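fold the following for me, if possible:
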Amino acid sequence: KYFTKKNQAEDKPISASARCRESSICSGSSEIKSRAVVKYCAAPPPTSYALLQEKTDLKLPPANWLRENPQLGSAGTTILGSSSKSKPFSSFGMAYEFIDCIGDDVDVVSDSENIKKLLKIPYSKSHLSMAVHRVGRTLLLDELDIQELFMRSSQTGDWTWLKEFYQRLIDQKWQRKKKRKEHWYQKAILSKFLYYSINGDGAAEPQSDGLNEGEEDSGADEFSSSWPTAFTSTTSNAEESEAPKRGLRNDFVRNIMWTFEDIHMLVGSNMPIFGGGRYPAVSLRLRDNNKPINILTGIDYWLDNLMCNVPELVMCFHVNGIVQKYEMIKTEDIPHLENSTFSTRVVKDIAQNVLSFLKSNCTKEGHTYWLFKASGSDIVKLYDLTTLCEEAEEEKYQNPFTLPVAVLLYKVASNLMLKARQNRKHYGTIRTLLLNCVKLLDQDRHPQIIASAHYMLSELFQLDEPLEEDGGESLRAGGSEDSYSDEDREEEEEEEDLTEDSDDDGSYSNCSSPQDDSKAVAVIRSVGELSVPEKYRSTHQIRPSCAFPVSQDKEERCRLVLSYVLKGLKAVDGSIKKESDLPAADPNTPIPLKYEDRSATGACAAEKGISLLLERGEQKHTTRSGMIPGSWQHRMKLKLFFKASKAYYVLSDAATNLLKYGRALRYIKLSLQCYDAYCSVSGTLHPHVLLFHSQCLSLCGDIQLMLAQNANNRAAYLEEYSYQTKEDQEILHSLHRESSCQAFSMATDLAMDPEYQLFVSSKCYEAAYELLVSEPLKDLTPDQLSQVLKRLGNIRNEMGVYYMNQAAAMQAEKEVKKSVSAAEQEMWKKSFGFFEKGMKDFEAIGDSTNTALLLCNTGRLMRICAQAHCNLSGDEGRGEFSPEEALYYNKAIDYYLQAMKALASREKHSAVWDSVNWELSTTYFTLATLLQDYAPVSRKAQEQIEREVTEAMMKSLKYCDLQTDSARQPLYQYRAATIHHRLASMYHSCFRNQVGDEHLRKQHRSLAELHYSKAVSLFLSLKDAPCELLRTLLERVAFAEFTMAGQNSSTAKLKSLTGAIEIMTETRHAFQLIHKELQEEQTEVTNGPMAGLNLQEVMKLIGVFEPSFSFLLLQVIKLMTTAKRKPSNKDEELLKTYKNVYSKLLRAEKNAPLVSRVELYVELLQQLMQRTGSDDTGTRKP
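Numbering: from 1, shown residues only. All right, here's what the predicted structure looks like:
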């Protein structure tokens, strides 16, 4: 019966888009879940197959035989989707193409033929030899043709250790088995059948059965000569070198993501798929009608159809090559065919057990594992070839899988790096992949991959951003560097459990019997165990992510980065020129290097085999070290230099925060040396590089500024600066291959002169500013520009203050004040110039607070200039207040007022506002004091001077902030009291000296009384100015005495005297404070004299107090005694008190200790106060 089917085109998606087809295959009551997604298909849409006529002779070749045909793909030469041998690196080709799937999503990557061999292990007596590699959670399976390996070994001398091992422990009588003639005959007619099936119009005519033996032999010979038989002929060295390169390609017609139950597999298949029948896809098979289908063939057919999601199988039967009939079988019916019945559930159990066995034992990434079952044996063994090779003391690089595995590890890590920016949980996996990649490779043979891997390792540590709290657990969790199994302790415990179990249920173990090989990693004692459901479970939890060294210590992270950078640089340098060809490098001096053009030699031969991964750049003129711009070495060095520069920058910034400025300067020097080397190698500087350079210069400016401000610790800073690690020296050595690294030596030298350090700091900031306003960065970095302008303003303020202090020091050092020197004027000009520039910088960014501070500093500079211009009059001290002083003090006032205007209000910045307010008040007070004490009477009238003094004093008083509770409040109170005292003294003097204008005299008297009263009140509130209080009260008493002198009436005089005595009684508060301080001084005599009390001043004031007090008492006694009216009882008591006090005062011992005399004054004043009951100031008895 012949079938006709409607053609239906199959989608041909590429890796990004795949057509998904699902199927569920039922076996009895149990269901097997199978789902196939075509990831890539190189074949055209399936077309109908040609039904061959009966009696068609398949021994005769069709006209199109062995010609390339897209419908068959490589099946034209590999026969039904599979060659006799799978390519040794076929899984790697698939892994490279679908790199996103590797490491996490997929359990197995392999040729479909290898999958079928594994699932047929319990049913087959044939040998099994496969190489197994782990990459993350993914296992890569490849056929390992041990016989071919040994044939190559006999020619090249490689792998001799494995051959000896194999012959000693596994197959002592090993010899190469040749293919039988029948094998090639069957291959030939299968190939011809496929070509007939696609040759719709050219079907062969039916042939007679009489084909003689000679013709049959010639057909076989013809096939043998034209068929590309692998491993039978000796290949040339050139072909051998290209073999790995060919094997790294994905040569399958289709790649399928096959999910079998819970196992996810990426499978490569070359099986031709045709259209026809009730379904859009069928597979064609050729069977000898005389030979029944066995269980192995049935499993083959069933798995092929499941993997490719083909619903039907078309079977063509022949006898001696003559077509007999066709038969169509549904895929789900294949397990129930006669003579080939098998349980799909058992196949599922086999798959799960094999995967669990491999995942439990193939734990080390980068290692090549060998899964081996000898022909006719039931024992399956797993060996770690990498470990065996190391034990044999041969080069590990003899393993042909080393390079493909390393490249795959590198590619998976590279792919994960793209995802790692969004999810840091991949960091641990990436680090494990890269470390294992580096372990596999020889630096001399593969410097490019090693350098790239170390650069990626350094990139895992993000230095320019803080360590995030989230993700910390996932980063810390996970296994070791090169293994995906649990910790060793857990492994030992589980192995003990397995050993116990093995005695009971036959579970695999490391040694199953005396004949078994102790070298095996694990052994399956009987293939029958694989059919037992869940017999093998993964005994080690495969962790989702590996350990990643998370350190909160920034310096530790930077040191790790630099260690990786150094290894990368060594790999690059080694590929350019051997170290022995270079002169020894001194980190402090340039290295004169020889020039050699390597454009002719190119890269080393070992790199050619991996050129598919990293492309080579265009060759141009060489750099100082002989490196070709555009080459991989050139690109890698640029990245490594820049990464090292960033790491040193972060180290410098961290050291600055720790106040280790010597260390910080050393690190920023290394950072700028790396940048210098980068510039020497790079042709163009990208904006992000220029921006980073401006940050380096800005930090260098910060460090030099801090060194200038902390000159006392210079010895410690020098020690920190001079220290250098071996790692730093080696990095410097690599830098010196490309550059002298001296471009920034001026900025990074540790100078001993603070002025020079400030100068260097200023130049660093200026250079950073010039970079930011340059064309590449213009308008791109407003925030950074604002920061640099702020730093520029600050350093200019610092330099202005430095030169201002220098000028003040010059002024203080002059023994005899002469005219202003030229050196002083030069200091003033420099200081003023820097203040002006700083103000412009702060104004440019709208920083009114700092602008106000610089205006305040400029005001201070003006005051220093004023002090330098004071007139001197020989030995008598200074002369009159000069016009130059007045000019500079008024300029200072102008700058302070500008500062107040810039701030606008105290709320903006209270500390700066208070500082400016205080300085302004001080300047007005100083101006008024100098005008009052050194009045320019030769230039101005007394009235004008008094008016100017009053005006300046009142303005100073205006800015005395007595309301705000602050540290300066007592100072403001003292100043306000002093101002009132001085004003009172001035009006007192005017009142005494004024003659004629009675109205003006009364005004002066009234003002004097007012200011004396306010001064006394403020001094009383201070509690720590007893001498000032006493002096003010004594002056007030003197003022009262002078007023009394002009009175004629005895009543008026008595009233004035009584008032003066009442004022005198207020001195009790001052004497109480003096007495208290004297007592404290006596108790603390061991600590030396107290600085708070001026004893000389106290004695001077007492010398005024005693006669004044005696005079008042005497005068009041006389007036009260000679009074005409009869005194009242109260007057008599008061007179008695006056006499008593006067008597005690007269009898007082003049040579008595000061404390005793003060005690007496307090007692007498207290006695007077109790009798008079007066306290004009509102004070009460303490």
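
wait, residue 717 sits on residue 707?
Yes: contact criterion Cβ atoms under 8 Å: residue 717 and residue 707 qualify, at 6.3 Å. In this view, the C-beta of every residue, glycine as well, is placed from N, C-alpha and C.

can you list residues touching both of the two?
The contact sets of residue 717 and residue 707 overlap at 661-662, 665, 750 (Cβ atoms under 8 Å, 6 or more residues apart in numbering).

show the residue spans covered by the strands in the chain.
19-27, 30-41, 108-111, 128-135, 138-143, 254-260, 263-269, 274-276, 279-288, 312-319, 322-330, 369-373, 380-384, 522-524 (DSSP state E).

coming back round to it: which one among the shared contacts of residue 717 and residue 707 gets closest to residue 126?
Here the nearest of those to residue 126, counting by Cβ to Cβ, is residue 665; it sits at 72.4 Å.

for that closest one, report the pLDDT, please.
For residue 665, the pLDDT comes out at 95.

looking at it, it is touching residue 705, isn't it?
No: between residue 665 and residue 705 there is no contact under Cβ under 8 Å: 11.3 Å.

who has more neighbours out of these two?
With neighbours defined as other Cβ atoms under 10 Å, residue 665 and residue 705 compare such that residue 665 has more, 27 against 24.

so who does residue 905 touch?
Taking Cβ under 8 Å, 6+ apart, one finds residue 913 in contact with residue 905.

check the one 10 residues further on too.
By Cβ under 8 Å, 6+ apart, the residues touching residue 915 are 853, 856.

what sits against the residue most central in space within the chain?
Note on the chain: the residue nearest the mean C-alpha position is residue 463, at 2.1 Å, using Cα atoms, centre = their mean. If you count contacts by Cβ under 8 Å, 6+ apart, residue 463 has them with 554, 557-558, 561, 646-647, 650.

just the mean pLDDT for the longest helix seen in the chain, thanks.
Ordering each helix of the chain by length in residues (DSSP state H) puts helix 782-813 first. In this model, helix 782-813 has an average pLDDT of 91.

what is that helix packed up against?
helix 687-709, helix 754-772, helix 822-844, helix 848-868 (3 or more Cβ pairs under 8 Å, 6 or more residues apart in numbering; DSSP states H and E).

got those as JSON lines, with mean pLDDT columns?
What follows is these, written out as JSON lines (pLDDT from 0 to 100):
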{"stretch": "helix 687-709", "mean pLDDT": "93"}
{"stretch": "helix 754-772", "mean pLDDT": "93"}
{"stretch": "helix 822-844", "mean pLDDT": "93"}
{"stretch": "helix 848-868", "mean pLDDT": "93"}
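
make CSV out of those and add distance to residue 129.
CSV is the format used below for the helices and strands packed on helix 782-813 (distance: least, Cβ to Cβ, whole Å):
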stretch, distance to residue 129
helix 687-709, 53
helix 754-772, 63
helix 822-844, 77
helix 848-868, 78
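
for residue 457, find the nearest of the ones you listed.
That would be helix 687-709 among the helices and strands packed on helix 782-813, by Cβ to Cβ, at 20.8 Å.

tell me how far the closest one lies from the chain's centre.
18 Å (Cα atoms, centre = their mean, to the nearest Å).

hmm, residue 645 and residue 674 touching each other?
Yes: taking contacts as Cβ under 8 Å, residue 674 lies within contact range of residue 645: 3.7 Å.

okay, those two: which has more neighbours?
residue 674 (29 against 25).

so who does the more buried one touch?
Neighbours of residue 674 in contact, by Cβ under 8 Å, 6+ apart: 641-642, 644-645, 648, 731, 735.

mind running it again at 10 Å?
By Cβ atoms under 10 Å, 6 or more residues apart in numbering, the contact set of residue 674 is 562, 565, 640-649, 696, 731-732, 734-735, 739, 741.

please apply the same query to residue 90.
109-111, 113-114, 140-143, 247-252, 268.

where does pLDDT dip in the stretch 1-150 of the chain?
Low-confidence segments of the stretch 1-150 of the chain (pLDDT under 70): 1-30, 70-71, 73-88.

for stretch 163-170, give the mean pLDDT please.
For stretch 163-170, the mean confidence score works out to 72.

got the domain ranges for this structure?
Residue ranges for the domains of the chain, per the TED database: 37-168+251-391, 442-463+551-576+620-780, 781-959, 1023-1082+1094-1172.

compare the ones you listed and give me the one nearest residue 527.
That would be domain 37-168+251-391 among these, by Cβ to Cβ, at 4.5 Å.

how far out from the middle of the chain is the closest one?
On Cα atoms, centre = their mean, the centre of domain 37-168+251-391 falls 48 Å from that of its chain.

gap between residue 125 and residue 522?
Distance, residue 125 to residue 522, by Cβ to Cβ, to the nearest Å: 22 Å.

looking at those two now, which is surrounded by more residues?
Legend: neighbour count by other Cβ under 10 Å for residue 125 and residue 522, higher for residue 522 (22 against 12).

any idea how far residue 358 is from the more buried one?
In terms of Cβ to Cβ, residue 522 sits 9 Å off from residue 358.

what of residue 732?
From residue 732 to residue 358 the distance is 48 Å (Cβ to Cβ).

tell me which of those two has more neighbours.
residue 358 (23 against 20).

would you agree the more buried one is in contact with residue 352?
No: here residue 358 lies out of contact with residue 352, judged by Cβ atoms under 10 Å, at a distance of 11.1 Å.

if I pick residue 942, what's in contact with it?
Residue 942 touches 935, 989-990, 993, counting by Cβ under 10 Å, 6+ apart.

which one of the residues you listed is nearest residue 850?
residue 935 (39.0 Å).

what's the burial count for that closest one?
Neighbour number of residue 935 under other Cβ under 10 Å is 18.

list phi and psi for it.
Main-chain torsions, residue 935, degrees, to the nearest 10: phi -60, psi 130.

hmm, it is touching residue 880, no?
Yes: using Cβ under 10 Å as the test, residue 935 is close enough to residue 880 to be in contact (6.9 Å).

measure the residue nearest to the residue nearest to the centre of the chain when sequence neighbours are not counted to residue 896 for me?
Leaving aside its sequence neighbours, residue 463 sits nearest to residue 650 (Cβ to Cβ, 6 or more residues apart in numbering; 4.5 Å). Per Cβ to Cβ, residue 650 is found 43 Å from residue 896.

more neighbours: these two, which one.
Taking other Cβ under 10 Å, residue 650 and residue 896 do not tie; residue 896 has more neighbours (28 against 20).

show the contacting residues for the more buried one.
852, 855-856, 858-860, 862-863, 916-924, 959 are the contacts of residue 896 under Cβ under 10 Å, 6+ apart.

figure out which of the helices and strands packed on helix 782-813 is closest to residue 151.
helix 687-709 (54.9 Å).

for the closest one, buried residues please.
689-708 (16 or more other Cβ atoms under 10 Å).

packing partners for it?
In this structure, helix 687-709 makes packing contacts with helix 632-657, helix 661-681, helix 714-722, helix 745-748, helix 754-772, helix 782-813, judged by 3 or more Cβ pairs under 10 Å, 6 or more residues apart in numbering; DSSP states H and E.

packing partners for the first one?
Under the contact definition 3+ Cβ pairs under 10 Å, 6+ apart, helix 632-657 sits against helix 447-459, helix 554-576, helix 661-681, helix 687-709, helix 726-736.
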